[in-house]
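**Q** Structural data only, the sequence is not supplied:
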């Protein structure tokens, strides 16, 4: 409770002292589309990680980011996504025993 | 002194043999690889890789673990410098100036300085450890709550020195961090604070997802959509190494960081986090050019990195000299050594000098191997910056998700990282510093990902951060000598970057899915749709969930069990630590898992306590015991009552008589409210009609430290943990809670013998499956475990842990479980709600 009041106090002070600050709209938000796309991909990964397994989730997420968001070539995106997901799983889960989710098919 | 040198020579003669050097090398390589993952620092690295050493003899295993430890420490710095992703809380300070150096094209120099600083700090602190361990350890134990409060004041002083931007904004962020740090179980009362029914929030918000979100993900969100990247950096070999001036700038900070870190590190509970922050503040205060801090000051990398490494070595002082795990990293190393039959403690140096000195020598060797390994690798690491950013950032994102998930095996942590990333992005746009939030959250992270407990008291420390930065700008290299200010402005704010830099046409970012992408997605969904086909058991990996952190009893029992089961089933059996809410998170996870025999639980006695505590507080139960099918009991360790040897009580009767005379005045420490150590004492209190003063600590290690430091009068503990201290004459055992006397302490009676028949308590470990698991699968698992506990490697592992194997299965285990659950439920009801007392 005390902390919340202190935080409110700081907030009020910031508002009071920030009248001369530049408007939020003047900051420039041109990267917002990318930011939203990345955010959505991360949300998908969080939802799918234990449902689809690490390899499938990461491969799909990377494929989307590379192909759709960054407009890389289809074959390049597919190969890199699958290779990254499989390689990371092999290195960390299989060799280094870092447990990663496998999903219902063991993938 | 001559004897010390003689012993050291003995240690080196072992550590420098070719096979041992090979294991040190492998350990360093593996540790570096794991440590590079965001969030996976030395703590998680050692615990994850501990099973890989089960098949080795003690010396090789310990040398390899020392290599993993140093490798993981260094790996964390690499991501901080190159990607602004702190490997752990202590690496936050390295992010600030290390990343700023990378932005200026000095990534190689920053990595080299971090490597050399870590080497010097590690080596010097090991010398100090070797010479000063016993006297310093005794001194360190005197640190209690008042001294921790003094550290809090130190944190406030650090804040005053470190905040270079708006102090008001920094304070607001620190307060916000403190508020986030309040989430989780109140250790004094057992209340769930601000968890809103999300059981995973029971242990609070981990510092790793917060730090990775606020730093790493926010960085990607803020920079990925900026105008096309500048040409990538292609540094020459000469540019990879620090200049003479940079070495000069780094020399004294490394020295100061080493001494400061070691001194802070020996305090039980403190460690590398506060050391790196204090070192940064000190260097800034002493610098002739404090304005360079945050813009790529060499001292801002050299000092904190040295202090961080030195502090962690310092934390080994109480562990080696007294067998007290004073922080999370020593706790895991202690557990690892115990698995290999080495029991650090007061008698280790005298009784097993070759092991003590072998460990010391292996730390030297690990340091040297790491330096030799990593200096040439600086060029390799820096080449990461050559990868075009549109290809690099998705990979970084995947590593962030991997690392954050791996720490606790929790998707909730990935969500926290995501939310913190979005929040951090907005804060950066609005010009707020984010590091104070990380520090505020540290207290709640103690159990989740190894932040030092002292951070609880130092949550107000605040640092300054460079404003929004761009990895693509890091790849650009050096600032323009003619206009460094404009360069800084471009890094500082994406909006300004466009104004100051050459304008480029913004790339279109159409969100249409290509056919290829749809094809990939549909294939994935089709794969999921095929799930459910019948299959022989087991036909895929089995997972044993340990609901407590790595290095604890559940974890240390689960790993040999899994290894032995794997042999019997001829099928992979892995261990996943799903921690949180005093074990409730992992237990709930298994209770609600598919009952197919592929997800099992290794539970301790607390499985019966949690549902009763939930009832007591009127909250929806995380799970109930009837959601589990008991498979087999693996071990049952009776607890024993110990008091400091200098206390007047020679027998349990003396202790109880005195407690009756002075109700509420004799104190005892425990691992936490309603924890196993608490419940044992409460059962005794009710059986003997006495009233003791309960002082809960954040785990069994701190509870042991408290009694050894004279802060409390008694402790209930498993025999293995306190035996070295009893033998060393520091503690006295009065009685045991078991049905029979402890084999190692035949002269110590049981409470039952003394007439307290209700005082029976065991710390046991058993394997459970979700209720509804098919009987043929349960039968297969029972048979597997029966064979597994007879496995010689399993027996050896349990012997080394001094944990007696007590195997019960089927109806016998069910009856044992029911009786124990009944006793504990009654105990919880008798204790009642703590805040009501």
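**A** Arrived safely, thanks for sending. Computed from a predicted structure; not experimentally measured.

**Q** Could you verify that residue B:732 is part of a strand?
**A** Yes - the assignment for residue B:732 by DSSP: H, G, I helix; E, B strand; the rest coil puts it in a strand.

**Q** for chain B, which strand is longest?
**A** Here the longest strand in chain B is taken by residue count, with DSSP state E as the criterion, and it is strand B:628-638.

**Q** That strand pairs with which strands, parallel or anti?
**A** Based on DSSP bridges, the strands next to strand B:628-638 in the sheet, each with its direction, are strand B:762-770 (antiparallel), strand B:805-809 (antiparallel).

**Q** After that strand, heading C-terminal, what element do we hit next?
**A** strand B:640-644 (DSSP states H and E).

**Q** Contacts for that following strand, please.
**A** B:649, B:652, B:655, B:684, B:707-708, B:710, B:713-719, B:722, B:725-726, B:730-737, B:742, B:745, B:748 (C-beta atoms under 8 Å, 6 or more residues apart in numbering or on different chains). C-beta coordinates here come from the backbone N, C-alpha and C atoms, glycine included.

**Q** Flag the shaky bits of chain A, pLDDT-wise.
**A** Screening chain A residue by residue with the criterion pLDDT under 70, one finds the ranges A:106-107.

**Q** which residues in it form helices?
**A** Residue ranges of the helices in chain A, as given by DSSP state H, are A:2-17, A:32-52, A:54-63, A:74-88.

**Q** Just want to check the distance between the most centrally placed residue in chain A and chain B.
**A** Within chain A, one residue has its C-alpha closest to the average C-alpha position: by C-alpha atoms, centre = their mean, that is residue A:42, at 3.3 Å. Taking C-beta to the nearest C-beta, to the nearest Å as the criterion, residue A:42 is separated from chain B by 5 Å.

**Q** Tell me which residues touch that residue, please.
**A** Residues A:61, B:217, B:397, B:401, B:414, B:417-418, B:421 are the ones in contact with residue A:42 under the rule C-beta under 8 Å, 6+ apart.

**Q** all helices of the stretch 701-837 of chain B, in order?
**A** Taking DSSP state H, counting those that start in this stretch, the helices of the stretch 701-837 of chain B run over residues B:719-727, B:775-788, B:792-800, B:810-831.

**Q** and the last one, which residues are buried?
**A** Meaning helix B:810-831. For helix B:810-831, the neighbour count (16 or more other C-beta atoms under 10 Å in any protein chain shown) marks B:813, B:816-817, B:820-821, B:823-825, B:827-828, B:831 as buried.

**Q** Greatest separation within those residues: which pair is it?
**A** Greatest spacing in these, by C-beta to C-beta: B:813 and B:831 (26.3 Å).

**Q** My guess is residue B:645 contacts residue B:728. True?
**A** No - if you go by C-beta atoms under 8 Å, residue B:645 and residue B:728 don't touch, sitting 9.0 Å apart.

**Q** and for those two, which residues touch both?
**A** If you check residue B:645 and residue B:728 against C-beta under 8 Å, 6+ apart, no residue is contacted by both.

**Q** Which one's more surrounded, the two?
**A** residue B:728 (17 against 12; other C-beta atoms under 10 Å in any protein chain shown).

**Q** Just want the residue of the stretch 101-250 of chain B that's nearest chain A.
**A** Residue nearest to chain A within the stretch 101-250 of chain B: residue B:225 (2.8 Å; C-beta to the nearest C-beta).

**Q** ok, now the stretch 651-800 of chain B?
**A** Of the stretch 651-800 of chain B, the residue with the smallest distance to chain A, taken as C-beta to the nearest C-beta, is residue B:770 at 15.5 Å.
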